[in-house]
Structures are given as C-alpha cells and as structure tokens.
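J.: got a structure for you, letters missing:
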C-alpha cells in the first residue's frame, strides 16, 4: 500500500501561537485522515515537525502493524529545512529540533520506504489551511 502525507506547521510571531496540520491520502487520492492541532507557544520549525509526527500517528492508527513494513509513504511539505534534515542533507543542530527529529524518525521507522519531498506552498494548501485553523483555535483575543 502507498500513502501520501501533505504536512504544514506555522507559528505567528515565530515563536508564537503555533499550529500543525496534515492530510493523509491513499494511493487513489482519497483523504483517509487529517490532523489539525494547536501547539501552544512554539516555533515554526517545531510546528513543521509536529505536523508530520501527527500525520504518522494518524496513519499508524489506520494501517495494521503487521502491514506497516510493506507500506510506502511520501511526505510532501513546503519546509525545506525539515525535508533536508530528514534526508540527511542538513544537520539538526537545535536541541529542541533534535528531539522532534528523533520522534519523527521513530514514528516512520515502522513503515517501509518513506520519502520526503519539498513542494511549493501552493501544492500544500490543504495542510496549510489545517495548520492555520489550529492557530486560529488557539489564538487568544
């Protein structure tokens, strides 16, 4: 089986009120899961990682553990930093992001081939909207 994750995170003020959003699609393009979570006061990069972590948690709830190793996942994000860090092209230097990187590595370890792809923001609108909805829900007026 093959799945596609579109993930995005953001923080207003960076750091500031942060949100994560992601959409999980099956190989036919059907949305099988979505996440939108307010994260409190965080950085943009933290939120980007959290969006993918939450998407893998949602996917893990859908895919039986016995078949996860045979499941391929393509992650599409507009965060060049997260994509390049997960590909091993950039080092993870910030202590908080090291923790996020390790959490994400553990989350995707159970799955087959996982590919990270950088996409333009225009190709990530669904995830961006979910992240913004999360930030709106957590905003204090």
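T.: Nice, thanks for sending it over. Every value quoted in this text rests on a predicted model; they were computed, and no experiment measured them.

J.: what does stretch 80-98 rub up against?
T.: 43, 45-46, 48-49, 52, 75, 77, 101, 104-105, 116-118 (C-beta atoms under 8 Å, 6 or more residues apart in numbering). To be clear about C-beta, it is placed using only N, CA and C from the backbone, and glycine gets the same treatment.

J.: chain center to that stretch, what's the gap?
T.: 13 Å (C-alpha atoms, centre = their mean, to the nearest Å).

J.: report the buried residues of that stretch.
T.: 81, 82, 83, 85, 86, 92, 97 (16 or more other C-beta atoms under 10 Å).

J.: grab the longest helix from this protein for me.
T.: If you go by DSSP state H, the chain has its longest helix at helix 44-62.

J.: circling back: which two of the buried residues of stretch 80-98 have the greatest separation?
T.: 83 and 97 (13.4 Å; C-beta to C-beta).

J.: in TSV: the buried residues of stretch 80-98, plus pLDDT and secondary structure.
T.: Shown next, in TSV, are the buried residues of stretch 80-98 (pLDDT from 0 to 100; DSSP: H, G, I helix; E, B strand; the rest coil):
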residue	pLDDT	secondary structure
81	98	helix
82	98	helix
83	98	helix
85	98	helix
86	98	helix
92	98	coil
97	98	helix
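
J.: just give me the closest of those residues to residue 15.
T.: Nearest member of those to residue 15, counting by C-beta to C-beta, is residue 97, at 12.7 Å.

J.: measure the closest one to residue 106 for me?
T.: 15 Å (C-beta to C-beta, to the nearest Å).

J.: same question, residue 132
T.: For residue 132 relative to residue 106 (C-beta to C-beta), the value is 28 Å.

J.: so for these two, which sits in the more crowded spot?
T.: Set side by side, residue 132 and residue 106 show more neighbours around residue 132, with 16 against 11, by other C-beta atoms under 10 Å.

J.: how about the contacts made by that one?
T.: 10, 19, 21.

J.: could you do residue 58 as well?
T.: By C-beta under 8 Å, 6+ apart, the neighbours of residue 58 are 22, 24, 33, 34, 35.

J.: equivalent analysis for residue 45, please.
T.: 9, 79, 81, 82, 94, 97, 100.

J.: mind checking how far stretch 85-99 is from the chain centre?
T.: That offset, for stretch 85-99, works out to 15 Å (C-alpha atoms, centre = their mean).

J.: all set, thanks.
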